[in-house]
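# need coordinates for the below:
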Amino acid sequence: MSAEFLTQEITFHPEHDETTKPIWRTFWILSLLTGIELTIGLIIYNIHKGDHPNTSLVLAFKGMVCILTLAKAYYIVAVFMHLGSELRNMIMTIVVPLGLFVWFIIAFLWDGNSWKNLRNEYNGMPPSQQLEKPAQKAPAAIEKGAKD
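Numbering: from 1, shown residues only. The predicted structure is shown next:
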């Protein structure tokens, strides 16, 4: 090794050329989407703190957050996992099983909720074997007033 190589200082000078533009664009898009999500989250928090929260407005904001989250997930997969530049068949081999998996989860949750409601309604027995619920007795004050 030469003495010149050992004494040479290594410096790093970042160059902003055409290869860094997509990275910065991705950074700003994801930052903007995250900022919008956080703003909507603060709005939802402040609506819940109020005296009479508007449930339909909160539900609409939560739907917007879900849509923005899906947009961020799509953008991350398309850019960082390079799925956006793949062939359509390759994309479909990933997206279709993912869609089926999400559908299965929704179907199982729906069926589980239905089972829970039926179990609570019928108490685990068929309707023919269920006992009648006893009639509600009137409070003593109402019975006393009826006798007078």
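
# neighbours around Trp28, how many?
Neighbourhood size, Trp28 [other CB atoms under 10 Å]: 10. (C-beta placed from N, C-alpha, C; glycine too.)

# now do Ala60
As a burial measure, Ala60 scores 13 neighbours (other CB under 10 Å).

# do you know the pLDDT at it?
Among the per-residue scores, Ala60 holds a pLDDT of 94.

# who does the helix or strand containing it touch, helix- and strand-wise?
Secondary-structure element containing Ala60, defined by DSSP states H and E: helix 55-80. Of the remaining helices and strands, those touching helix 55-80 by 3 or more CB pairs under 8 Å, 6 or more residues apart in numbering; DSSP states H and E are helix 21-49.

# buried stuff in the helix it packs on?
Leu30, Glu37, Ile40, Ile44 (16 or more other CB atoms under 10 Å).

# check stretch 68-75 too.
The neighbour-count check on stretch 68-75 (16+ other CB under 10 Å) flags Leu68, Lys72 as buried.

# hmm, back to that, which one of the buried residues of helix 21-49 is nearest Ile76?
The nearest member of the buried residues of helix 21-49 to Ile76, counting by CB to CB, is Leu30 at 7.3 Å.

# any idea how far the helix holding Ala60 is from the chain center?
Helix 55-80 has its average C-alpha position 7 Å from the chain's average C-alpha position, going by CA atoms, centre = their mean, to the nearest Å.

# what's the answer for stretch 21-41, then?
Taking CA atoms, centre = their mean, one finds the center of stretch 21-41 at 17 Å from the center of the full chain.

# contact partners of it?
With CB atoms under 8 Å, 6 or more residues apart in numbering as the contact definition, stretch 21-41 has outside contacts at Phe61, Met64, Val65, Leu68, Thr69, Ala71, Lys72, Tyr75, Ile76, Val79, Phe80.

# skip the chain neighbours and tell me the closest residue to the second one.
Going back to what we said before, that points to Met64. Closest residue to Met64 apart from its sequence neighbours, by CB to CB, 6 or more residues apart in numbering: Ile40 at 5.9 Å.

# the fifth one now?
Spatial nearest neighbour of Thr69, chain neighbours left out: Glu37 (6.9 Å); criterion: CB to CB, 6+ apart.

# against Ile47, how distant is that neighbour?
16 Å (CB to CB, to the nearest Å).
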